[in-house]
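>>> Next one to model:
(chains A, B, C and D)
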Number of protein chains: 2
Amino acid sequence: MSPEPRPHTGRRRNPAVRQAILDHAADLLIAHDYAAVSTDAIARAAGVSKHTIYRWWPSKGAVLLEAMAERARQQTPGLNTGVFAEDLETFLAATFRTADRVSGLLRGIMAEAQRDPVAAEGLRQFVTGRRDELHALLTRGLEQGELPPDTDPDLLVDQIFGLMWYRLLIGHAPVDGDVATRLARSLIHRQEG
Amino acid sequence: MSPEPRPHTGRRRNPAVRQAILDHAADLLIAHDYAAVSTDAIARAAGVSKHTIYRWWPSKGAVLLEAMAERARQQTPGLNTGVFAEDLETFLAATFRTADRVSGLLRGIMAEAQRDPVAAEGLRQFVTGRRDELHALLTRGLEQGELPPDTDPDLLVDQIFGLMWYRLLIGHAPVDGDVATRLARSLIHRQEG
DNA sequence: TCTTTGCCGAGACTGATAGTATCGACAAAT
DNA sequence: ATTTGTCGATACTATCAGTCTCGGCAAAGA
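Numbering: from 1, shown residues only, chains lettered A, B, ... in the order given. Predicted structure coming up:
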């Protein structure tokens, strides 16, 4: 009862096709409204059969999610300089600016995650990764005494990413480097009160 | 060229029908998955023709939005006691608990707002109202010296509501009275550092 | 009471979309 | 050469948002 007696013969998956699907899915979501992005549209833009999409991904949300993760991986916020205040500001500025640039992508994923469990679980994992990064950074700041000693890192992480997503989804205020700076400084400054 | 020479004759709108639509729309969104809530489902549940829904609302998102606003109006967070720390905690606890109870409704609206401009604009107005309330409360706390003097109320409002929405939408952590309390205290405590 | 106006339900209809199924061509490994 | 599996084309089902038409009926004025 070996699960896979024959490793893999026959034609292999074409990586160019996979990349084309992910690229065009991301581009469509960034450029157009979320409502305009259908699997047919993705297939058409990528020059690919819809069948091929569903061969490799279980749902549209799964495609969009992987496309987002792919884009996110391309830009990782810079390494730590060791100076907490500087690191925090850099991290937030890079995160916010990138998020704003691909806001259509993020908003579409979030909407899809509310109806597609696969996308929801994927988004949760993605978000967990980002939260862990920021959590580690904040913990370091806490240990260095750069944050109030009674700070709850979990709560603070959700305040920061929460603000970002909230503004992206509602659109009442910008998500840019300026906000990132102001936010970072407001968190640091408090200890001097 | 009088726009409306005859004020209004003929049969009037039945308020019970309007209420039934809004009630069942909200109930469906709270009880079921967002994906399961269609206009057909709302019409069926409310014992109403789909035609009647579209006579009074321009889109499904508009119905859901008004249903949400209706529910939100039913519970207004308690009045101010004058003690800022107490008021803040009460406001947050009431807001968070209510939001969690109708989380399905909120998540559905947010998803719909990403594809329906009518729902987006409505949600923005709704959210603005809530933001103004909290903003006023925080400003009072700032004037009373209960918050760090360099606090930016706009930023803080978005941190608080941002955390709430972020947790509702991702579902990685609870939105309850406990979180509200911890959050409120973390904001107050800082001045004592 | 009779007529007009407009609400409302029933249900057919269009168009878009997610996801599935079938087929044939073809590429890769043995 | 044969087997295995990829891929495009295309048709298909099912669902859903939103429109349309029809017929019944309730309310207001004459």
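
>>> quick one: A:Ala180 and A:Leu92 touch, right?
Yes. Contact criterion Cβ atoms under 8 Å: A:Ala180 and A:Leu92 qualify, at 3.9 Å. In this view, the C-beta of every residue, glycine as well, is placed from N, C-alpha and C.

>>> who touches both of these two?
Both A:Ala180 and A:Leu92 lack any common contact, where contact means Cβ atoms under 8 Å, 6 or more residues apart in numbering or on different chains.

>>> What is the end-to-end distance of stretch A:168-183?
16 Å (Cα to Cα, to the nearest Å).

>>> what about it, distance to the chain center?
How far stretch A:168-183 lies from its chain's middle: 16 Å, per Cα atoms, centre = their mean, to the nearest Å.

>>> Give me the pLDDT value at A:Asp158.
Looking at A:Asp158, its pLDDT reads 98.

>>> what residues go with each domain of chain A?
As assigned by automatic domain parsing, chain A contains the domains A:15-60, A:70-192.

>>> Relative to chain B, which of the ones you listed is closest?
domain A:70-192 (3.1 Å; Cβ to the nearest Cβ).

>>> Give me the contact status of that closest one with DNA strand D.
No. Domain A:70-192 stays clear of DNA strand D (Cβ under 7 Å from any atom of the strand), getting no nearer than 10.1 Å.

>>> Quick one: name the residues of chain A near DNA strand C.
Close to DNA strand C, as judged by Cβ under 7 Å from any atom of the strand, chain A has residues A:9-12, A:35-41, A:50-51, A:54, A:59-61, A:116.

>>> tell me, which of those make contact with chain B?
A:Ala35, A:Asp116 (Cβ under 8 Å from any Cβ of the partner chain).

>>> Show me the residues of chain A next to DNA strand C that map onto helices.
Among the residues of chain A next to DNA strand C, DSSP state H puts A:Thr39, A:Asp40, A:Ala41, A:Lys50, A:His51, A:Tyr54, A:Lys60, A:Gly61 in helices.

>>> Check the burial of the residue lying closest to the second one once chain neighbours are set aside by counting its neighbours.
Using Cβ to Cβ, 6 or more residues apart in numbering or on different chains and skipping the chain neighbours, the partner closest in space to A:Asp40 is A:Lys50 (6.3 Å). Each residue near A:Lys50 was counted by other Cβ atoms under 10 Å in any protein chain shown, and the total is 13.

>>> Equivalent analysis for A:Gly141, please.
So A:Gly141, with other Cβ under 10 Å, has 20 neighbours.

>>> after the helix or strand where it lies comes which helix or strand?
Secondary structure from DSSP states H and E places A:Gly141 in helix A:117-143. Sequence-wise, the next helix or strand downstream of helix A:117-143 (DSSP H and E) is helix A:153-170.

>>> Identify all contacting residues around the helix or strand just after that next one.
Under the assignment DSSP H and E, the closest C-terminal helix or strand after helix A:153-170 is helix A:177-189. For helix A:177-189, contacts defined as Cβ under 8 Å, 6+ apart pick out A:84-85, A:88-89, A:92-93, A:95-97, A:141, A:146-147, A:156, A:160, A:163, A:167, A:173, B:148, B:150-152, B:155, B:159.

>>> Please pick the buried ones from those residues.
Buried members of the contacts of helix A:177-189, scored by 16 or more other Cβ atoms under 10 Å in any protein chain shown, are A:84-85, A:88-89, A:92-93, A:95-97, A:141, A:146-147, A:156, A:160, A:163, A:167, A:173, B:148, B:151-152, B:155, B:159.

>>> quick one: average pLDDT of stretch A:31-39?
91.

>>> in it, what's buried?
Within stretch A:31-39, the residues that count as buried by 16+ other Cβ under 10 Å are A:Tyr34, A:Val37, A:Thr39.

>>> okay, how far is it across it, tip to tip?
Across stretch A:31-39, first to last residue, Cα to Cα, it's 16 Å.

>>> The helix or strand containing A:Val17 and chain B in contact?
Per DSSP H and E: A:Val17 is located in helix A:15-31. No. Helix A:15-31 is not in contact with chain B by Cβ under 8 Å from any Cβ; minimum separation 10.9 Å.

>>> Off-centre distance for that helix?
Per Cα atoms, centre = their mean, the centroid offset for helix A:15-31 relative to its chain is 16 Å.

>>> packing partners for it?
If you count contacts as 3 or more Cβ pairs under 8 Å, 6 or more residues apart in numbering or on different chains; DSSP states H and E, helix A:15-31 packs onto helix A:39-46, helix A:50-56, helix A:60-74, helix A:103-113.

>>> After the third one, heading C-terminal, what element do we hit next?
In the C-terminal direction, the helix or strand that comes right after helix A:60-74 (DSSP H and E) is helix A:84-101.

>>> Contacts made by that following helix with the rest, please.
Under Cβ under 8 Å, 6+ apart, the answer for helix A:84-101 is A:30, A:72, A:75, A:77-78, A:80-81, A:106, A:130, A:133-134, A:137-138, A:140-141, A:144, A:146, A:160, A:164, A:168, A:174-177, A:179-181, A:183-185, A:187-188.

>>> repeat that with 6 Å
A:75, A:77-78, A:80-81, A:141, A:144, A:146, A:164, A:175-177, A:180-181, A:184, A:188 (Cβ atoms under 6 Å, 6 or more residues apart in numbering or on different chains).
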